[in-house]
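Asker: What shape does this take:
(one chain, ligands or ions: 1)
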Amino acid sequence: MSDHAALVDLIKSRAGPEPVALGLILGSGLGHLADAVDGVAIDYADLPGFPHAGVSGHNPKLVIGQLEGTRVAVFGGRAHYYESGRGDAMRLPLEVLKALGGEALIATNAAGSMCADIQPGDLMLLNDHINFSGLNPLIGEPSDARFVPMKDAYDPAMRAALLDAARAEGLALAQGVYAWYSGPSFETPAEIRAIRMLGADAVGMSTVPEVILARFLGLKAAAISTVTNMAAGLSDEAISHEHTKAMAPLGAAKLEKILRRYLREL
Ligand code: HPA
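Answerer: Prediction:
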C-alpha cells in the first residue's frame with residue numbers, strides 16, 4: 001500500500017485519532033445519509049488526492065463519527081471510472097479507510113433493475129457481480145497481491161447480518177448480481193438483454209472497482225443498490241440522471257434504517 005501518512009494525520013487531527021471500524025460509500029442521490037453521522041465532516045477539497053469535481057447528487061465530504069455506536073467513515077461521494085478514465089479512481093480513499101483502521105466497506109449505489117420482482121424504490125443486496133466493463137482497478141499494480149480471489153467478495157457474514165437487519169426492520173431486501181457497465185452513457189436495450197441473459201439482475205456504473213480494491217486491501221465488503229429504474233428497454237419510463245437523483249431517496253430512507261440496525265447489532 002502506498003504511504004498516505006500526511007493525509008491520514010490530517011484526517012486524525014480533524015476527526016480524532018480513534019480507529020474507524022467501517023467505511024460507507026454513498027451513491028447517487030444518497031449523499032444526505034452522511035448527515036446521519038454524529039461527527040466531523042471534511043470536504044474532499046481539503047483532502048489532497050480525493051476526488052474533486054464529482055457527480056451531481058453526490059456529497060463530496062468525508063464524515064467521521066459515530067453511527068449507532070460504531071465509528072464509521074462515510075464517503076459522501078465517489079469517483080467513477082467514467083469521470084477520469086481511471087479504474088482505480090477510489091483507490092486513495094479506500095487506502096485511507098484501511099489506514100484509519102477500517103476493517104470493512106459497505107458500498108451503496110443507484111442501479112437499474114433487470115428483474116420484474118425488483119422494482120424502482122426497492123433495495124438489492126449484491127451477492128456477486130459481473131465486471132462487464134472489462135476494466136480492472138488493479139491493472140498496473142505490481143505486487144502479487146493483485147491476484148485477488150473474488151469468490152465470496154461480498155462477505156457472506158456481512159450479507160447475512162444485513163438481511164437480518166432488513167428482516168428486523170420489516171423491510172424487503174432483494175438479493176442479486178450487479179453488472180458494472182462503465183457509463184457514462186446508459187446502456188442500450190440490446191446490452192441490457194445481453195447482461196440479463198448472462199445472469200445479471202441489476203446494472204450500474206460503480207461499486208465493482210471499489211469492491212475489487214477493498215478485497216485487495218483486505219477489507220471485507222458488502223454492497224446495496226437502490227433501484228431507481230427498470231433498465232433500458234424494460235419499461236416505457238425515460239432513463240436519465242435527473243430521474244436517478246429523483247428516485248434514489250425512495251430507497252434511501254429504507255437503506256438508512258437497515259444500516260442503522262446493522263450497526264446497532266454489530
Ligand atoms: N444503468 C446504469 N446505471 C444506473 C442506472 C441504469 O439503468 N440507473 C441508475 N444508475
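Asker: now residue 164, what's its secondary structure?
Answerer: Following DSSP: H, G, I helix; E, B strand; the rest coil, residue 164 is assigned to helix.
Asker: Wait, it touches residue 265, no?
Answerer: Yes. With contact defined as C-beta atoms under 8 Å, residue 164 counts as touching residue 265 (7.2 Å). Quick note: C-beta positions are derived from backbone N, CA and C, even for glycine.
Asker: Could you check which of those two is surrounded by more residues?
Answerer: residue 164 (15 against 12; other C-beta atoms under 10 Å).
Asker: Just list the residues touching that one, thanks.
Answerer: residue 265 (C-beta atoms under 8 Å, 6 or more residues apart in numbering).
Asker: Show me which residues of stretch 155-164 are buried.
Answerer: Using 16 or more other C-beta atoms under 10 Å as the test for burial, stretch 155-164 gives 155, 158-159, 161-162.
Asker: Out of these, list just those in helices.
Answerer: 158-159, 161-162 (DSSP state H).
Asker: Those residues: which two are farthest apart?
Answerer: Pairwise distances across those (C-beta to C-beta) peak at 7.4 Å, for the pair 159 and 161.
Asker: List the residue ranges of the stretch 1-150 of the chain that fall below the pLDDT cut-off.
Answerer: The stretch 1-150 of the chain contains residues with pLDDT under 70 at 1-3, 53-54, 57.
Asker: who in it is up against the ligand?
Answerer: Counting by C-beta under 6 Å from any ligand atom, the residues of the stretch 1-150 of the chain close to the ligand are 110-112.
Asker: Recalculate using a threshold of 8 Å.
Answerer: 28, 109-113 (C-beta under 8 Å from any ligand atom).
Asker: between these, which has the most around it?
Answerer: residue 111 (33 neighbours).
Asker: Now name the helix or strand holding that residue.
Answerer: According to DSSP states H and E, residue 111 maps onto strand 104-113.
Asker: which non-adjacent residue is nearest residue 61?
Answerer: Distances taken as C-beta to C-beta, 6 or more residues apart in numbering put residue 76 closest to residue 61, at 4.3 Å, once the chain neighbours are dropped.
Asker: Please, where are all the strands along the stretch 51-200 of the chain?
Answerer: Taking DSSP state E, counting those that start in this stretch as the test, the strands found in the stretch 51-200 of the chain are 61-67, 70-75, 104-113, 123-131, 174-180.
Asker: Just say which of those is most tucked in.
Answerer: For those, the largest average neighbour count (mean count of other C-beta atoms under 10 Å) is found in strand 104-113, namely a mean of 26.
Asker: chain center to that one: distance?
Answerer: Centroid separation for strand 104-113 versus its chain: 4 Å, with C-alpha atoms, centre = their mean, to the nearest Å.
Asker: Export it to CSV, keeping only CA atoms.
Answerer: Backbone C-alpha positions of strand 104-113 (Å, rounded to 0.1, in the frame of the first residue of the first chain) are rendered in CSV as follows:
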residue,chain,number,x,y,z
ALA,A,104,-15.0,-3.4,6.2
LEU,A,105,-16.7,-1.4,3.5
ILE,A,106,-20.3,-1.1,2.6
ALA,A,107,-20.8,0.5,-0.8
THR,A,108,-24.2,1.8,-1.9
ASN,A,109,-25.3,2.8,-5.4
ALA,A,110,-28.2,3.7,-7.6
ALA,A,111,-28.9,1.0,-10.2
GLY,A,112,-31.3,-0.1,-12.9
SER,A,113,-33.1,-3.4,-12.4
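Asker: What is it packed up against?
Answerer: Applying 3 or more C-beta pairs under 8 Å, 6 or more residues apart in numbering; DSSP states H and E, one finds that strand 104-113 contacts strand 22-25, strand 202-204, helix 208-216, strand 220-230, helix 241-264.
Asker: what lines up beside that strand in the sheet?
Answerer: Strand 104-113 has its sheet partners listed here by DSSP bridges as strand 22-25 (parallel), strand 202-204 (antiparallel), strand 220-230 (parallel).
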